[in-house]
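S.K.: please work out how this folds:
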Amino acid sequence: PSLVQAGASAYCVNDKATEDDVKTVERILNSVGLSVQVPEAQLAAVTGVSGSGPAYMFLAMEAMADGGVLSGLPRATAMKLAAQTMLGAAKMVLETGVHPGELKDAVTSPAGTTIAAVRELEKNGFRSALIEAVHAASNRAVELGKSS
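M.R.: Next up is the predicted model:
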């Protein structure tokens, strides 16, 4: 995502960092997306969410496109729709500040297509798989930090 100025980075500071140092780091990181300041103890969790996160989104996007192909769409059309859908959903969360669950509920009609799909995702452990993926990546970041 940083290649298209849409990355998500984090940094931490210690007591030796000046205000100018922090501004420099923020300017550099924000030039390729957004940045957040976190305590050093949270950097491994950041790796799990935004460091490895693009791969999770690529997998979800590819699966959505595969579902579109299975349902009759040409591959290029299905991929374009899946990618734009993910971009639009992300922008809605970032620009509105509304919780994703509330946004999901707003587009989920009683007895409709979306709730049928959400049911399948829940039945197949979609949320749990993402939670465990983030946790595994975070734990691995800690392990790698100890070996370096």
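
S.K.: which residue lies farthest from the center of this protein?
M.R.: residue 16 (31.7 Å; CA atoms, centre = their mean).

S.K.: and it, its phi and psi?
M.R.: Dihedral pair for residue 16: phi -90, psi -10, per degrees, to the nearest 10.

S.K.: and the gap between it and residue 22?
M.R.: From residue 16 across to residue 22, the span is 11 Å (CB to CB, to the nearest Å). Every C-beta, even on glycine, is put in place using the N, C-alpha and C of the backbone.

S.K.: cool, and residue 124?
M.R.: Counting by CB to CB, the gap from residue 124 to residue 22 is 43 Å.

S.K.: between these two, who's got more neighbours?
M.R.: residue 22 (13 against 10; other CB atoms under 10 Å).

S.K.: enumerate every residue touching that one.
M.R.: 13, 37 (CB atoms under 8 Å, 6 or more residues apart in numbering).

S.K.: which SS class is it?
M.R.: At residue 22 the chain is in helix, as set by DSSP: H, G, I helix; E, B strand; the rest coil.

S.K.: what about it, distance to residue 110?
M.R.: Counting by CB to CB - residue 22 and residue 110 are separated by 49 Å.

S.K.: do the same with residue 139
M.R.: Distance from residue 139 to residue 110, by CB to CB: 40 Å.
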